[in-house]
Structures are given as C-alpha cells and as structure tokens.
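S.K.: Sequence and predicted model, in that order:
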Amino acid sequence: MFLEMLIIGTGILLVIYLVLIFQQKKNESKIKENTRLTIEQYGEISEINGQLTVSINEDIYSISYIHVPANAELTINSRNKWDIHAIGKSHIIDQTQRLSSPYPKIVIVYPSTLRVKRYINENEMVFVSFADKVYDFYVVRILELEDLLKRLSQHA
C-alpha cells in the first residue's frame, strides 16, 4: 500500500514538474516573439552566423536574451562574469560565448524588472540605464526595450 502511494505521488509530482517546464518554455517563446515584433518596428531582423541581429540606421546589433527570475537581481561583475542574485543564493554566469559577436550587443533581461547593477571598481556599484553602453553592449530590461530602440533609431 505504501509503495503504491509513493509511486502515485511520484507520478503526480513528475506530471506537475513537466507541466511547469512546458509552461515556462511557452512563456519564454511568447516573450521572445513579442520582443521580436517590437524590434521589427525599428529595424530589420536577420541571422548572421546563427546569431539574431537587427540593423538600425545601418548599424548592426547582436540580440541576446538572459533569463533572470522575477525576484532576482542581475549584477555585472566584469565584461564576461555576471551574477544573478536570487533569494539566499547567487549564481555566476560566464558571458564569454554570449558576448562573442563582433557587433555591439543588446542583451534583453527578462522577466525580472529589478534594475541592473554593475561594479565600477572592487567596492562601488552603479545602476545601469538602458541608455548606457556597458563595454560593447546595452543591457536592457524588457520594459525598457522600446525606449532603447527609439534612442538607437534616432542616432543617425
């Protein structure tokens, strides 16, 4: 009897887990499709060497996405080392591959709406604005994307 209940409980948990994973993938696809539609209003989207790009006023920008949970903060430690701070834990990600494009980059942060921070030296931090170019990229929260695209399209 106990073994049967354990198997049924495990099965139910597995189904719930799979439904949640499927829902997350569906939400991510929807977010990327909506941002793509927004980007298309300001430039021509294409793929160069498998990388999504947008051409705005003859400038080409590489587009990438970074998933930062809604209750987490993104901190840029250096060009290639970024840190996602969630409740009680921190996760460092290496951005070397993501930022390897020769074009200036637009990194879209979703679904988090918390302001992005960046270290300017060992013990000083500043907030990153969507209009600030950090190294050779713009880090933009999804809610600021259209403002950035307007700004880039006006700089001809």
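M.R.: Yep, it's here. Numbering: from 1, shown residues only.

S.K.: gap between the residue lying closest to Val116 once chain neighbours are set aside and Ile39?
M.R.: Among residues not flanking Val116 along the chain, Val128 sits closest, at 4.3 Å (Cβ to Cβ, 6 or more residues apart in numbering). In this view, the C-beta of every residue, glycine as well, is placed from N, C-alpha and C. According to Cβ to Cβ, to the nearest Å, Val128 and Ile39 sit 20 Å apart.

S.K.: Return the backbone torsion pair for the residue nearest to Val116.
M.R.: Main-chain torsions, Val128, degrees, to the nearest 10: phi -100, psi 130.

S.K.: Wait, it touches Arg118, no?
M.R.: Yes. Counting by Cβ atoms under 8 Å, Val128 does reach Arg118; the two are 5.1 Å apart.

S.K.: Common neighbours of those two, please.
M.R.: Ile76, Val134 (Cβ atoms under 8 Å, 6 or more residues apart in numbering).

S.K.: which residues sit in contact with the spatially most central residue of the chain?
M.R.: Residue closest to the average C-alpha location in the chain (Cα atoms, centre = their mean): Ile66, at 2.2 Å. Going by Cβ under 8 Å, 6+ apart, Ile66 touches Leu74, Trp82, Ile93, Arg98, Val107, Ile108, Val109, Tyr110.

S.K.: Sitting in strands, which of those residues do you find?
M.R.: Leu74, Trp82, Ile93, Val107, Ile108, Val109, Tyr110 (DSSP state E).
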